[in-house]
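Visitor: Sharing a sequence plus its predicted fold:
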Amino acid sequence: AEVIESSGNELAKSRPEHREVEELRVEEAEYHKAYRQATVWNEQNCIMKAIVVLAAILMVGSCEFFFLFGSSYCFRPFTVSGKISDPFESMGLNGDWLNIVRAPMGWAALAVFGVAVCLHIIFERVFTHMTSESFILSDSE
């Protein structure tokens, strides 16, 4: 801390050995600017808006289902110290680790959550691709 206080201004100056990092910082800032421009809500088509809204609704809905209706509808009680091979009555999973999920509610809630994650990944990948394209185009100009 003493070195920063006494020599902070000197240490903050640009040096030739910092040039590559500084260039990467500028490029990174330009990429983030292009991403923000690509993801402006009013600029999106209806499909992309629907994807991100549906992903959010499904994600929140599946989480609300877990919490509102209780995890007992979705999952069997099991502890870290429990044994998978023990019967249900002894807080085990009857020899099958998949038994921790209760059918059909647990699988349905997990499926809804999985669909939400997939939609979010699609949204993110599309905008990353769009950003990369606009970033490459702006670099070539």
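Guide: Sure, I can see it.

Visitor: Which stretches in the chain count as helices?
Guide: 2-12, 19-38, 46-68, 105-140 (DSSP state H).

Visitor: Any idea how far the shortest one is from the middle of the chain?
Guide: With C-alpha atoms, centre = their mean, to the nearest Å as the basis, the distance from the averaged C-alpha position of helix 2-12 to the chain average is 38 Å.

Visitor: buried sites along it?
Guide: For helix 2-12, the neighbour count (16 or more other C-beta atoms under 10 Å) marks no residue as buried. Glycine gets a C-beta too; all of them are placed from N, C-alpha and C.

Visitor: hmm, back to that, among the helices of the chain, which is nearest residue 81?
Guide: Comparing those against residue 81 with C-beta to C-beta, the closest turns out to be helix 105-140 (21.9 Å).

Visitor: Report the inter-axis angle for that closest one versus helix 19-38.
Guide: Taking axes from the mean of the first three to the mean of the last three C-alpha atoms, to 10 degrees, helix 105-140 and helix 19-38 form an angle of 120 degrees between their directions.

Visitor: just to revisit the earlier point, is it possible to get the helices of the chain out as a markdown table so that each row also shows mean pLDDT?
Guide: Shown next, in a markdown table, are the helices of the chain (pLDDT from 0 to 100):
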| stretch | mean pLDDT |
| --- | --- |
| helix 2-12 | 84 |
| helix 19-38 | 89 |
| helix 46-68 | 91 |
| helix 105-140 | 87 |
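
Visitor: Those helices: which one's closest to residue 83?
Guide: With C-beta to C-beta as the yardstick, what comes closest out of the helices of the chain is helix 105-140 (20.4 Å).
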